[in-house]
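Peer 1: structure here, sequence nowhere to be found:
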């Protein structure tokens, strides 16, 4: 029985969950699926295209924002959903970050965030700025949180006392307040 693209992505998520990104190799993935490594290349030309597809798959777990939400609540919904999707799969923030940097994966959530900011009346450049700020907040803070969790599992950390959820909520509020201020200035000017 041959494996589908979905089977491969599911197994890749499993390796991230049980081990880490460092352990996600084409050889290990093939072993998990009971196939030869070259069988994976039917679906993915190389590891980078696999990781890009995995990034898209993970971000596909973000629940769609209701159309009725005002633009600022829509921004919060998307950023919070992105964070939740990434936190559900260890090392996934690093996977998404590298896939976006490579240009191999989609940036659908970033585009949706920019569209929500445009609904506030922001110019395209400002809307993209809001999207960048929110996406980098989510990716950067989630990478730190996931790295911290990995280090704690390995017992190689000192005391932290950080509350990542509060940090996220506070920073999200600052970014949305800034977008609101920029939108109000645009409409007044």
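Peer 2: Ah, there it is. Quick caveat, the model's predicted, so the values are computed rather than measured.
Peer 1: from here on, contacts and neighbour counts on C-alpha atoms
Peer 2: OK.
Peer 1: how about whatever helix or strand residue 29 lives in: buried residues?
Peer 2: Counting by DSSP states H and E, the element that carries residue 29 is helix 26-33. Across helix 26-33, burial judged by 16 or more other C-alpha atoms under 10 Å covers 26, 28-30, 33.
Peer 1: what does the helix-or-strand element of the chain with minimal mean pLDDT contact?
Peer 2: Lowest mean confidence among the helices and strands of the chain (mean pLDDT, DSSP states H and E): helix 37-40, at a mean of 89. If you take C-alpha atoms under 8 Å, 6 or more residues apart in numbering as the criterion, helix 37-40 is touched by 8, 26-27, 29-31.
Peer 1: could you redo the last one with a cut-off of 7 Å?
Peer 2: 26-27, 30 (C-alpha atoms under 7 Å, 6 or more residues apart in numbering).
Peer 1: over to stretch 89-96?
Peer 2: 13, 16-17, 20-21, 51, 55, 86, 139, 142-143, 146.
Peer 1: where does the chain have low pLDDT?
Peer 2: 1, 189 (pLDDT under 70).
Peer 1: what segments of it are helices?
Peer 2: 5-18, 26-33, 37-40, 47-59, 71-87, 92-102, 108-119, 124-153, 164-188 (DSSP state H).
Peer 1: buried stuff in the first one?
Peer 2: Right, helix 5-18. 8-9, 11-16.
Peer 1: got it, and the third one?
Peer 2: Using 16+ other C-alpha under 10 Å as the test for burial, helix 37-40 gives 37, 40.
Peer 1: residue 153: neighbour count?
Peer 2: Residue 153 sits with 10 neighbouring residues when counted by other C-alpha atoms under 10 Å.
Peer 1: quick one: residues contacting it.
Peer 2: Counted by C-alpha under 7 Å, 6+ apart, residue 153 has zero contacts.
Peer 1: what's the spacing between it and residue 85?
Peer 2: 21 Å (C-alpha to C-alpha, to the nearest Å).
Peer 1: likewise residue 18?
Peer 2: For residue 18 relative to residue 85 (C-alpha to C-alpha), the value is 17 Å.
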